[in-house]
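> Turn this into a structure:
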Amino acid sequence: MSGHQEVTYTVDFGAGRPSRRENQTFSDPEMPDHEAAASGIPRIARLLALAIRLEGLLRKKTIRDYAELARLGGVTRARMTQIMKLLDLAPDIQEQILFLPLLQGLNERNLRPITSRIDWRQQRRMFQRITDRSLLDRPVDL
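Here you go, the predicted model:
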């Protein structure tokens, strides 16, 4: 793959419940909002991309800790930890998530048992079961 593609994403941390704050937008200022919305990127891929971006901010010490991230995002510290745990997935699984099409049943909640495993081989087997099951549920294009 040659070339560089930049993605803009808006994350609604408080979907389905009222919030005291406006939802935070983490985006590339050069890409129009309508292009980001039209891209159809699965929510799990957006969450993983967000976790990667936030980890970079933590490493640069732009943001102090998960508690500050949670405050800025208007979510609980527990929810922020759940999102950041996606970074515990094997690198190849992270890459698959970022580039997979929308799969039914592939979401952060279903990945929690995988993120709790230390052994990447075990993570890969568990992830394969989820993606195989999701692919079987998809309609077949003829």
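> which stretches of this structure form helices?
33-38, 43-59, 66-73, 77-84, 91-99, 108-115, 120-137 (DSSP state H).
> May I see the ones you listed organised as a markdown table, with mean pLDDT added?
Formatted as a markdown table, those follow (pLDDT from 0 to 100):
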| stretch | mean pLDDT |
| --- | --- |
| helix 33-38 | 50 |
| helix 43-59 | 95 |
| helix 66-73 | 93 |
| helix 77-84 | 96 |
| helix 91-99 | 95 |
| helix 108-115 | 96 |
| helix 120-137 | 87 |
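> Touching, residue 50 and residue 80? I think so.
No - look at residue 50 against residue 80 with C-beta atoms under 8 Å: they stay out of range, at 10.2 Å. C-betas here are computed from N, CA, C, even on glycine.
> between the two, what contacts are shared?
Counting by C-beta atoms under 8 Å, 6 or more residues apart in numbering, residue 50 and residue 80 have no common neighbour.
> what's the distance between residue 63 and residue 47?
Residue 63 sits 17 Å away from residue 47, taking C-beta to C-beta, to the nearest Å as the criterion.
> Give me the more crowded residue out of those two.
More crowded of residue 63 and residue 47, by other C-beta atoms under 10 Å: residue 47, with 21 against 17.
> measure the more buried one to residue 106 for me?
11 Å.
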